[in-house]
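Asks: next comes the sequence, and after it the predicted model I'd like to discuss.
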Amino acid sequence: MHLLRLLRRLLRPQRKRIAILLAAILAATVVEVALWPAVFGAFIKVLQLAEGALPAKGGLLKGAIEWLDRLLPRSDEQRRKAVLVIAAATVLIAFLRALLTYCRDYLGQYVGGRALIDLRLQLFTRLQHLSLAFYESQRVGDLMSRLTTDVALVQQLVTAEMTNYLAAPPVILLGLAAMFLIEWKLSLFVIIFAPLTSYVISRSGRRIGRLTRSQQERIGDLNARLHERLASIRIIQSFAREDYEVDQFRRLNESTFGAVMRVARVGALAPQAIQFLSTSALVIAASYAGFLVIGKQLDLAVLAAYFVLTQRVGIYFVKFGSLQLRVNQSLSALGRIHEVLSHEAEVSERPDAKPLPCLRGSVRFREVTFRYAGGEAVLQGVNLEIAPGEVVALVGPSGAGKTSLANLVMRFYDPTEGSVEIDGCDLREVTLGSLRAQIGLVPQETTLFGGTIRENILYGRVDAPDDEVVSAAKAANAHEFILALPQGYDTEVGERGVKLSGGQRQRIAIARAVLKDPRILILDEATSSLDAQSEALVQEALERLMNGRTTLVIAHRLSTIRRATRIVVLSDGRVVEQGRHQELLAAGGTYSRLYGIQQDLEAGVFESEGGVAEAPPAGKLPESRLG
């Protein structure tokens, strides 16, 4: 039922066109089951040479046939004129049928295509607004599969196939009714195979639905592996694992092919079974009809009209059976799409959420406890206040909860217990857009989008004029290297910015944050992966960016920590120390120990218990490190 509701929601904006489409389908049905058989039967009746040679018998339509027989021309000249009239009527009916079919197919394509565009947009929109927790349990390749291959399968349901699927039932039902009116005994022979055929359609449809879901899951696995391996090609080649990866991909590729062929086997067999049963019914009915004609119990013209009608019904019956298989494939794919569309975001706005006014920049954590889904608490009872304009560095061992604390400020997650407040407002009571518009993030792994440098900087504020873009680049120490590039600000950066160095990418990201002009800034180890020269340029740019802004620094390099207003030390999800650099060193606690470890790492010296300088054993590094 939820899939039908989704389809109705997709098709609702096209109500007027759907009404016209249904009218065209109904008119085309009348042509198929009434006009077309009638004109063919009249043609045969006119060609009968012997006047009154056959009794006017035609089942329930006997009276109508007798009346029509009295109107038929008797002389050869009249018959010739009648043939011309019938020919003209046939051409007119053929034109009418072509026009109605064109309207039906075009409107079907338009309505279905529009719905498909809306579905793809809804899916992408939903993916944009789902919480980070959702992406932690999903693979990008599988989501790409839902956006591409699953949507492509749904396309066959909501485009031209939809019109044929809608047109088949009225033709079959009205055609069967007309067949019973013409000759009910013959019709019994025709429909004797209907239950068996319906069983084949139903069973094949359910089976192909299950197989299609399995096929789409395999394709999702294939796309996920392909995406992951291509993104990690440098690692693969550095370990000389090309042949290994090819072998693994070959196995998965063969498995996917097997799933596709299982669907193909059912999809190829079922229509042939339906065709065989329909043909068998027609042969039996034709044999019985032959006996009736020989025994002068059935008019040949009536038989001709009857079998034209039977042919049309049979064609649509076979077509409907084949389409039913495709519909089940489409519904299976639509089910996978619906799983994403119906997924409730872990972080969402309340109905009464209010826009956050212009910030001063104070941040407060009140008894914050946080755990990821199904995991242990990574933050426990954290109480922390950050004043406007204060630069606070978060340090601690890996897994201490530094990034989780910063994620709560951006409201990528909500605390399991307690609250996070900005300027006294609980983040769960304000709109996400107004919150995130006033917070800037410069991550450790800089993400640039395919396009130009200008477009990437403008991502911070898309309506900014060129002079502000240049000012932001200058503030980020990026202007000089940008001008040195062949196309300057219009230089293409490549996918994920691969055409730029790490330091250049980081400075573009800083320029993007400068252009956004946030009140609160989060720096997630922003200089940890840079060489000394790049770090100096980036650090200078960061200091300009941090000036006057509340800044939360997930610290790694000591240069950032020393300039912090306050250093907050986390361990096992708790705040264990706070203070300035020299104060914490003098205290001799967790920070002092971590600081000493990093100093040793940077100097390349490790003290043994006996005081002899030695390198650590292979594969052994200190468990704790700063950042």
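Replies: Sure, I can see it. Residues are numbered from 1 along each chain as shown.

Asks: report the central residue of this protein.
Replies: By CA atoms, centre = their mean, the mean C-alpha position of the chain lies nearest to Leu147, the distance being 3.0 Å.

Asks: apart from its neighbours in sequence, what residue is nearest that one?
Replies: In space, Leu147 comes closest to Leu123 once its chain neighbours are excluded; the distance is 6.1 Å by CB to CB, 6 or more residues apart in numbering. (C-beta placed from N, C-alpha, C; glycine too.)

Asks: try Leu226
Replies: Gly141 (6.3 Å).

Asks: ok, now Glu543?
Replies: Using CB to CB, 6+ apart, the closest residue to Glu543 is Arg563 (7.4 Å).

Asks: residues near the one you found, how many?
Replies: 15 (other CB atoms under 10 Å).

Asks: I'd say it and Glu540 touch.
Replies: No: using CB atoms under 8 Å as the test, Arg563 is too far from Glu540 to be in contact (11.6 Å).

Asks: so which residues of the stretch 351-500 of the chain form strands?
Replies: In the stretch 351-500 of the chain, strands defined by DSSP state E, counting those that start in this stretch lie at 363-371, 377-386, 391-395, 417-422, 425-426, 439-442, listed in chain order.

Asks: just the chain next, same as before
Replies: Here the chain has its strands, by DSSP state E, at 363-371, 377-386, 391-395, 417-422, 425-426, 439-442, 520-524, 550-554, 566-571, 574-579, 606-607, 613-614.

Asks: wait, which of those strands is closest to Val31?
Replies: strand 439-442 (63.2 Å; CB to CB).

Asks: now do the closest one: everything it contacts.
Replies: By CB atoms under 8 Å, 6 or more residues apart in numbering, the surrounding residues in contact with strand 439-442 are 409-410, 460, 506, 509-510, 513, 516, 518-524, 526, 542, 545, 549.

Asks: which ones among the residues you listed lie within helices?
Replies: Using DSSP state H, the subset of the contacts of strand 439-442 located in helices is Val409, Gln506, Ala509, Ile510, Ala513, Lys516, Leu542, Leu545.

Asks: what sits against the residue nearest to Arg120 when sequence neighbours are not counted?
Replies: Leaving aside its chain neighbours, Arg120 sits nearest to Val151 (5.5 Å; criterion: CB to CB, 6+ apart). Residues near Val151 by CB under 8 Å, 6+ apart: Leu116, Leu119, Arg120, Leu123, Ala333, Ile337.

Asks: closest to Glu429 among those residues?
Replies: Leu123 (29.4 Å).

Asks: re earlier: so what pLDDT did the residue nearest to Arg120 get?
Replies: What the model reports for Val151 is a pLDDT of 80.

Asks: one more: the one 4 residues further on?
Replies: Here, the pLDDT recorded for Gln155 equals 74.

Asks: distance of it from Ala377?
Replies: According to CB to CB, to the nearest Å, Gln155 and Ala377 sit 46 Å apart.

Asks: so which of these two has more stuff around it?
Replies: The neighbour count for Gln155 versus Ala377, taken as other CB under 10 Å, is higher for Gln155 (20 against 17).

Asks: so what's Ala285 up against?
Replies: Ala285 touches Leu186, Ser187, Phe189, Val190, Thr310, counting by CB under 8 Å, 6+ apart.

Asks: doesn't Val190 make contact with the last one?
Replies: To tie it back to what came earlier, the one meant is Thr310. Yes: counting by CB under 8 Å, Thr310 sits close enough to Val190 to count as a contact (6.2 Å).

Asks: overlap in contacts, the two.
Replies: Met179, Leu282, Ala285.

Asks: would you reformat those as JSON lines and include distance to Arg580 and pLDDT?
Replies: Below are these laid out as JSON lines (distance: CB to CB, whole Å; pLDDT from 0 to 100):
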{"residue": "Met179", "distance to Arg580": "94", "pLDDT": "78"}
{"residue": "Leu282", "distance to Arg580": "93", "pLDDT": "75"}
{"residue": "Ala285", "distance to Arg580": "97", "pLDDT": "76"}
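
Asks: Arg250 - how many residues pack around it?
Replies: Neighbourhood size, Arg250 [other CB under 10 Å]: 10.

Asks: need the phi and psi values for Glu376.
Replies: Phi and psi for Glu376, reported as degrees, to the nearest 10, are phi -80, psi 160.

Asks: just the CA trace of stretch 511-518, in PDB.
Replies: Provided in PDB are the C-alpha atoms of stretch 511-518 (Å, rounded to 0.1, in the frame of the first residue of the first chain):
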ATOM      1  CA  ALA A 511      38.500  30.900   1.300                       C
ATOM      2  CA  ARG A 512      35.100  29.300   1.100                       C
ATOM      3  CA  ALA A 513      34.700  29.600   4.900                       C
ATOM      4  CA  VAL A 514      35.900  33.200   4.800                       C
ATOM      5  CA  LEU A 515      33.300  34.100   2.200                       C
ATOM      6  CA  LYS A 516      30.600  32.400   4.400                       C
ATOM      7  CA  ASP A 517      31.700  34.700   7.300                       C
ATOM      8  CA  PRO A 518      30.400  32.500  10.100                       C
END
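
Asks: quick check, distance from it to the centre of its chain.
Replies: With CA atoms, centre = their mean, to the nearest Å as the basis, stretch 511-518 stands 31 Å off its chain's centre.

Asks: what sits up against that stretch?
Replies: 437-442, 456-461, 464, 468-469, 471-473, 475-476, 478, 521, 544-545, 549.

Asks: could you do stretch 118-136 as well?
Replies: So stretch 118-136 is contacted by 10, 13, 143, 146-147, 151, 154, 158, 337, 340-341, 343, 345-347, 372-373, 407, 412-413 (CB under 8 Å, 6+ apart).

Asks: next: stretch 412-425.
Replies: 131-133, 346-347, 356-357, 359-372, 377, 379, 381-382, 404, 407-409, 411, 426-428, 435, 520.

Asks: Leu585 contacts Tyr591, doesn't it?
Replies: Yes: with contacts counted by CB under 8 Å, Leu585 reaches Tyr591, the gap being 7.1 Å.
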